[in-house]
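Trainee: Below is the sequence, then the predicted model.
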Amino acid sequence: MDLTRYLIEQVMQSPQDRLEALQEFFPAAELDDWRLLTAGQRVQIIKQDPEKGGVLQFGTEIVSSADGSIAALLGASPGASTAVDVMLDILGKCFSKRLPDWKKRLTEMIPSYCKSLQDDPALYRTVRKEADQALGLT
């Protein structure tokens, strides 16, 4: 539960605590020069547990109606590293009947869709090269 403790400590920081943390990177910082703004909010999942009452979970969970007409993403918002995978999960849960019709287009957008990069070194190299170029790493 180290992450839980860290998150609670961050929320509970006083203005002076925040200033001292800022001064580690910018020693000349003064409290009057800064104002606190609410940025991205993290929401964690708390699930019922028969023994503990509520258990804090980290990560994300997709919840959808049985007919797939609505879906929600619970928990911490996914970053770029997980957003595509989360969206593909939602497509699978909410549009499972239409997914085969979309496979060609999804594969054009995501060359590794329904493939294993671990089992296909050439595809891995291609995807890695394209990602590096898109991110300006090469």
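Mentor: Great, that's in hand.
Trainee: Extract the C-alpha set from the helix or strand encompassing Thr126 and format it as CSV.
Mentor: Assigned by DSSP states H and E, Thr126 belongs to helix 121-134. Extracted C-alpha coordinates of helix 121-134, given in CSV (Å, rounded to 0.1, in the frame of the first residue of the first chain):
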residue,chain,number,x,y,z
PRO,A,121,10.3,-10.3,-34.8
ALA,A,122,10.0,-8.7,-38.3
LEU,A,123,6.7,-7.1,-37.3
TYR,A,124,8.2,-6.0,-34.0
ARG,A,125,11.0,-4.2,-35.8
THR,A,126,8.6,-2.5,-38.2
VAL,A,127,6.3,-1.4,-35.4
ARG,A,128,9.2,-0.2,-33.3
LYS,A,129,10.8,1.7,-36.2
GLU,A,130,7.5,3.5,-37.0
ALA,A,131,6.9,4.3,-33.3
ASP,A,132,10.4,5.7,-32.9
GLN,A,133,9.9,7.9,-36.0
ALA,A,134,6.5,9.1,-34.8
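Trainee: helices or strands next to that helix in the packing?
Mentor: If contacts are counted by 3 or more Cβ pairs under 8 Å, 6 or more residues apart in numbering; DSSP states H and E, helix 121-134 sits against no helix or strand. For glycine as for every other residue, the C-beta is placed from the backbone atoms N, C-alpha and C.
Trainee: Can you list the neighbours in contact with that helix?
Mentor: Outside helix 121-134, the residues that touch it by Cβ atoms under 8 Å, 6 or more residues apart in numbering are Pro111, Ser112, Lys115, Leu117, Gln118, Leu137, Thr138.
Trainee: Quick check: closest non-adjacent residue to the fifth one.
Mentor: The reference is to Gln118. Nearest residue to Gln118, sequence neighbours excluded (Cβ to Cβ, 6 or more residues apart in numbering): Tyr124, at 7.6 Å.
Trainee: how far away is the one you found from Gly59?
Mentor: 25 Å (Cβ to Cβ, to the nearest Å).
Trainee: ok, these two, which is more surrounded?
Mentor: Tyr124 (15 against 11; other Cβ atoms under 10 Å).
Trainee: And the pLDDT for the more buried one?
Mentor: pLDDT, Tyr124: 96.
Trainee: Could you do Leu36 as well?
Mentor: So, for Leu36, pLDDT stands at 85.
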